[in-house]
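K.L.:
Output the structure for:
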Amino acid sequence: MVNVFQQILLNIILLVFPLIFNLFYWTYSNNIDKEQSKTFLDFALLSSIYLLITFNDLENNLTIVLLFNIPLIFAYIKKRSYIGIIISIILVYIYYGLGMNIFLLIFEYIVYFIIYLLTYKRKESLFLILFFVFKSLFSISTYFIYDEKFYLTNSLLMLVTFIVITYLIIYMYNKGEDIIKLHMSIKELENDKQIRDSLFKITHEIKNPIAVCKSYLDMFDINNKEHIKYINILKEENEKILLLLQDFLAMNKIKIQKEILDINMLLEDVVDQLTPLLKGKNIKFDYDIALDEIFIEGDYNRLNQVFINMIKNSVEALDNTKKPKISLNHKIDGNKFIISIEDNGSGINESDMERIKEPFYTTKKNGTGLGVSLSCEIISAHDGTLEYFSKVNEGTKVVISLPIYEVFD
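P.N.:
Numbers count the residues shown, from 1 in each chain. Reported below is the predicted structural model:
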C-alpha cells in the first residue's frame, strides 16, 4: 500500500512539475508585456508524458498508466487539439506495448477526440464528465479482459483515485491561472490610474497658463498703450502650453534631427542661458568647458533642452541650502564624452531614485514628471546614457555620456 501511495505521489510530481514551469513562463511573459506562446504549454504537456514514461515500470504497474491520461485531458480542455492527438498516439503505443488490442485502443481515443469536438464550445466540466464515464467503461472492460486477477473493487478504487487526482491538478492549475490573471488585472488598473493621474497633472499644468492668459485678456484694453506689454506675457504663457503639449506627445515618439556639432560650444550656450538665473538665486556655478572642439552627432535643441532641464532640477534642489553650489564638468573616456552636473542640495532618497526615470513620476508639487523621463529618451536616442547618483542631504550628481563623432581627414 505504501509503495502504491509513493508511486502515485511521484507521478503527481512528474505531472505537475512541467505545468508549474508553464505558469512561471506565463507570469514572466505578462510582466514583460510579451504575448504568451501556447507552444510552451504544449512542451509542458509532452514533458509530463516523457517524465511519466521514464520514471515508471509500465509492465508491472498497469494501473499507474491511467494517470498518463491527465496530460491528454489538459490538452483538450486548453483547446490544444493537435497536442491531444499526439498524446493519444503515444498512449495507444504504450497500451499496445502492454499487450492490448490496437483496434480497441484506436477506437477508445477516437471517442475521446469526438467528445472534445462535441464539447469544444461548452464548459470544461462537461468534457471531464463524459471523459471519465467513457474512461471508466473502457478501463473496467480492459482489466476484465486482460487481467486474470481482476478485482472490480481495485479497479474502481484506481479509477476514483485517477478522477480525484485529475480534478485536483486541474483545480490547482486553474487557481494558478486565476492568480496570474488577477495580478495582470491589478497591473492594468495601476497603469490606467497612472494615465489618469498623468492627464490630471497635465490638465493642471495647462490650466495655470490658460488662467493667466484669461486674466490678462480680461484686463486688456486695446486703447491703453501700457497694456501692450501684456502681449509678451500672453506669448510666454502660450509657449509654455505648447512646450508642455509637445513634451507630452514626445513621450510616444521623439523626433531627433542629428547633425555634426561641437559639444563644448553647446555647453557654453547652456551656461550663457542659465548664468542670469543662477546669479539671481546666489548659486555658485563652477563649470569646466574645454576650448578644444569635440564633435558629436546630435540634435542641438534637444540636447540643449536636456542640459537646461538637469541644471534647473539642481537649482530647485538647492532651495533650502545655505551655500548652494552647482558644478558642470566633463571628461573624455575612450570614444565617450562624459558630462557631469552636480549640486549640494537636498538629494534624492532611495525610493524616489528607483522611480525617477518613470514617465509622470515626480516629487514636485506642480511637476508633470515628464522632464527626466523625456531627457532619458533624448539621450537614449543619441546612443548615450543618463545616470543619477544621490544621497539625501548631500546632493545629486547626473552623469551623461555621449559617443564622440570621429572625424576622418
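K.L.:
State the distance from Phe113 to Leu91.
P.N.:
In this structure, Phe113 and Leu91 are 12 Å apart, going by Cβ to Cβ, to the nearest Å. Bear in mind the C-beta positions are built from the backbone N, C-alpha and C, glycine included.
K.L.:
of the two, who's got more company?
P.N.:
Under the criterion of other Cβ atoms under 10 Å, the comparison of Phe113 against Leu91 puts Leu91 first, with 20 against 15.
K.L.:
Verify the contact between that one and Leu67 for me.
P.N.:
No: using Cβ atoms under 8 Å, Leu91 is not in contact with Leu67, being 11.1 Å away.
K.L.:
Pull the number of nearby residues for Lys181.
P.N.:
Residues within reach of Lys181, counting by other Cβ under 10 Å, total 12.
K.L.:
wait, I meant Lys135
P.N.:
Counted with other Cβ under 10 Å, the neighbours of Lys135 add up to 21.
K.L.:
Over to Ser380?
P.N.:
12.
K.L.:
what sits against it?
P.N.:
With contacts taken as Cβ atoms under 8 Å, 6 or more residues apart in numbering, Ser380 has the following neighbours: Leu386.
K.L.:
got a pLDDT number for it?
P.N.:
The model reports Ser380 with a pLDDT of 87.
K.L.:
helix/strand/coil for it?
P.N.:
Secondary structure, DSSP: H, G, I helix; E, B strand; the rest coil: Ser380 is helix.
K.L.:
now swap in the one 3 residues further on and tell me
P.N.:
Here Asp383 takes the coil state, with states given by three-state DSSP.
K.L.:
does the closest residue to it other than its chain neighbours have beta-bridge partners, and which?
P.N.:
Computed as Cβ to Cβ, 6 or more residues apart in numbering, the closest residue to Asp383 that is not its neighbour in sequence is Pro403, at 5.4 Å. Note on Pro403: beta-bridge partners by DSSP bridges are Lys336.
K.L.:
Verify the stated contact: Pro403 with Ile338.
P.N.:
No: Pro403 lies out of contact with Ile338 (Cβ under 8 Å); the separation is 10.8 Å.
K.L.:
Quick check: the gap between Phe127 and Tyr76.
P.N.:
Spatial separation of Phe127 from Tyr76 under the definition Cβ to Cβ is 6 Å.
K.L.:
neighbour-wise, which of those two wins?
P.N.:
Neighbours of Phe127 and Tyr76, each counted by other Cβ under 10 Å, are more numerous for Tyr76; the result is 26 against 19.
K.L.:
so what's that one up against?
P.N.:
Tyr76 sits next to 84, 112, 116, 127, 131 when contact means Cβ under 8 Å, 6+ apart.
K.L.:
the strands in this protein, which residues?
P.N.:
Counting by DSSP state E, the chain has these strands, from start to end: 259-262, 284-287, 295-298, 325-333, 336-343, 385-391, 395-403.
K.L.:
Sheet-wise, list the partners of the fourth one with their directions.
P.N.:
For strand 325-333, the paired strands and their directions (DSSP bridges) are strand 284-287 (parallel), strand 336-343 (antiparallel).
K.L.:
which residues are in contact with that strand?
P.N.:
Outside strand 325-333, the residues that reach it (Cβ under 8 Å, 6+ apart) are 264, 267, 271, 278, 283-290, 294, 311, 314-315, 318, 337-344, 401, 404.
K.L.:
Quick check on those residues: which are buried?
P.N.:
When burial is judged by neighbour count using 16 or more other Cβ atoms under 10 Å, the buried members of the contacts of strand 325-333 are 264, 267, 271, 278, 283, 285, 287, 289, 294, 311, 314-315, 318, 337-344, 401, 404.
K.L.:
what about Glu268, neighbour count?
P.N.:
Counted with other Cβ under 10 Å, Glu268 comes out at 14.
K.L.:
Skipping adjacent residues, who's closest to it in space?
P.N.:
Once flanking residues are discounted, Glu268 sits nearest to Ile289: 5.7 Å by Cβ to Cβ, 6+ apart.
K.L.:
which residues does that neighbour contact?
P.N.:
For Ile289, the contacting residues are 264, 267-268, 271, 328, 330, by Cβ under 8 Å, 6+ apart.
K.L.:
what's the distance between it and His382?
P.N.:
Counting by Cβ to Cβ - Ile289 and His382 are separated by 19 Å.
K.L.:
where in the stretch 301-409 of the chain is pLDDT low?
P.N.:
Residues of the stretch 301-409 of the chain that meet the criterion pLDDT under 70 lie in 355-370, 407-409.
K.L.:
again, only this time at 80
P.N.:
For the stretch 301-409 of the chain, applying pLDDT under 80 flags the ranges 301, 319-321, 346, 348-374, 392-393, 406-409.
K.L.:
So which of the strands paired with strand 325-333 is nearest Glu259?
P.N.:
strand 336-343 (16.0 Å; Cβ to Cβ).
K.L.:
Quick one: work out the angle between the closest one and strand 395-403.
P.N.:
Taking axes from the mean of the first three to the mean of the last three Cα atoms, to 10 degrees, strand 336-343 and strand 395-403 form an angle of 160 degrees between their directions.
K.L.:
count of residues packed around the spatially closest residue to Ile180 that is not a sequence neighbour?
P.N.:
Spatial nearest neighbour of Ile180, chain neighbours left out: Thr27 (5.4 Å); criterion: Cβ to Cβ, 6+ apart. Burial measure for Thr27: 16 neighbouring residues, criterion other Cβ under 10 Å.
K.L.:
so how far is Glu354 from Thr27?
P.N.:
Distance check for Thr27 against Glu354: by Cβ to Cβ, it reads 21 Å.
K.L.:
same question, Asp343
P.N.:
Using Cβ to Cβ, one gets 20 Å for the distance from Asp343 to Glu354.
K.L.:
ok, so of the contacts of Ile289, who is nearest Ile233?
P.N.:
Val271 (27.1 Å).
K.L.:
Hmm, that closest one is touching Asp288, no?
P.N.:
No: contact between Val271 and Asp288 fails when scored by Cβ under 8 Å: they sit 10.6 Å apart.
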